[in-house]
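S.K.: Build me a structure from this.
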Amino acid sequence: MSTDPQRFEILVVPEHIEGRDAAHLAQSAIRSAVVRATGRTGASGYPRYVGDGMEADIDPGTRTVEALLVDGAELDYGLSARVSDRY
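M.R.: Got it, this is the predicted structure:
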């Protein structure tokens, strides 16, 4: 059994947004999704999480989004994905 978190909230925000404060990030997000562990590993080598139209490889140790598809496409230039501290 894996000790990795079973879910994360991903926030898609403009790149210029700084910090990790959950309330600030949530207010600035243009899209969010709660993703759940699939039990598989993504191409990046990190655990794969899916939900609400997003598919992400997330490093559970650093809470960094290593790869992300939103509705099957990569993020547009100028956007970044952050893991919310709410989960």
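S.K.: only C-alpha atoms for contact and neighbour calcs from this point on.
M.R.: Will do.
S.K.: State which strand of the protein is the longest.
M.R.: Criterion DSSP state E: the longest strand present in the chain is strand 31-41.
S.K.: ok, and what's touching it?
M.R.: Strand 31-41 has contacts (CA atoms under 8 Å, 6 or more residues apart in numbering) with 5-13, 26, 47-57.
S.K.: quick one, strands of this structure?
M.R.: Counting by DSSP E, the chain has these strands, from start to end: 7-14, 31-41, 47-51, 54-59, 64-70, 79-83.
S.K.: Tell me the bridge partners for the most centrally placed residue in the chain.
M.R.: Averaging the C-alpha coordinates of the chain gives a centre point, and the residue nearest to it by CA atoms, centre = their mean is Ile10 (3.6 Å). Using DSSP bridges, the beta-bridge partners of Ile10 come out as Ala33, Val83.
S.K.: quick thing: my sequence starts at 20, can you match it?
M.R.: Sounds good: first residue 20 from here, last item Ile29.
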